[in-house]
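> Fold the stuff below for me.
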Amino acid sequence: MGPQNLPENIRRVQERIDLATSRCGRRVDSVTLLAVAKSQPAEIVRAAAAAGLKEFGESYVQEALGKIAALVDLGLTWHFVGNVQTNKTRQIAEHFAWVHSIDRLKIAQRLAAQRPFHAPPLNVCLQVNLAGEASKGGVAAIDAPALAAAVAALPRLKLRGLMSIPEPDADPERQRRAFRQLRELLESLNAHGAGLDTLSMGMSADLEAAIVEGATIVRVGTALFGART
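Got it, this is the predicted structure:
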């Protein structure tokens, strides 16, 4: 897919977000479109930025670092959304503004220790494995409160909310059920003083269901850039 396709794809995705927010009585600016640009070259990201996108997600550190350096003039906000390996925490702490996928205290501790002191606190979300899928990362919902409390106490990090990747499902009601679980977990944490404001949930196939259930960030790749090859 070439950059000439991007303006129309962005328009279509933004229209979907607009309709979903309108249907559930939310403001459209309550949802951030995070363009997941893994496997996309820097020139495609530059074209997406020229078309109005400013928030980009990456899953592979080495691939991301080249793009971040090449596009530093654009002032983009970079989110790490992939599995965080212990040997990559320093690079993530130094180059990203957000990490969506913390599921272990050890990872959070390393990010906190390695975040540069001249940088603002690193925004982080806990990844929650709602269905207990062995193939996916994420803390179990029952263990999330303890992890949230421990992460919130670390310096140089700001715990913002929760992230999840539910099992694919074409049925909108079942999609909503999974996202509702994450929202209810966030509400439970906030009832105990967590002060969280972010639900990172919903992707190309299910962003509408996620928005209805309270998503504040939708992570969209395929609908913007096409299927990865």
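> Against Gly221, how distant is Pro7?
Per C-beta to C-beta, to the nearest Å, Pro7 is found 17 Å from Gly221. All C-beta atoms are positioned from the backbone trio N, CA, C, and that covers glycine.
> Sorry, slip of the keys, the one I care about is Ala49.
Taken as C-beta to C-beta, the span from Ala49 to Gly221 is 15 Å.
> Show me the strands in this structure, by range?
Secondary structure of the chain (DSSP state E): strands at 32-36, 55-58, 77-80, 98-102, 122-127, 157-163, 198-200, 217-220.
> shouldn't His100 be in contact with Val81?
Yes - with contact defined as C-beta atoms under 8 Å, His100 reaches Val81; the gap is 4.7 Å.
> ok, the two, which is more surrounded?
A count of neighbours by other C-beta atoms under 10 Å puts His100 above the other of His100 and Val81, at 29 against 25.
> isn't Pro7 right next to Ala51, touching?
Yes - the pair Pro7 and Ala51 passes the contact test of C-beta under 8 Å, sitting 4.7 Å apart.
> Find the nearest non-adjacent residue to Gln109, please.
Spatially, and ignoring its direct neighbours in sequence, Gln109 is nearest to Leu154 (6.5 Å; C-beta to C-beta, 6 or more residues apart in numbering).
> So what does the one you found have for phi and psi?
Note on Leu154: backbone dihedrals following degrees, to the nearest 10 are phi -80, psi 150.
> Start the count at 43 instead of 1 going forward.
In the new count, where the first residue is 43, that last one comes out as Leu196.
> Helices of the protein, start to end?
48-65, 84-92, 103-112, 131-137, 147-156, 186-194, 214-233, 249-254, 264-267 (DSSP state H).
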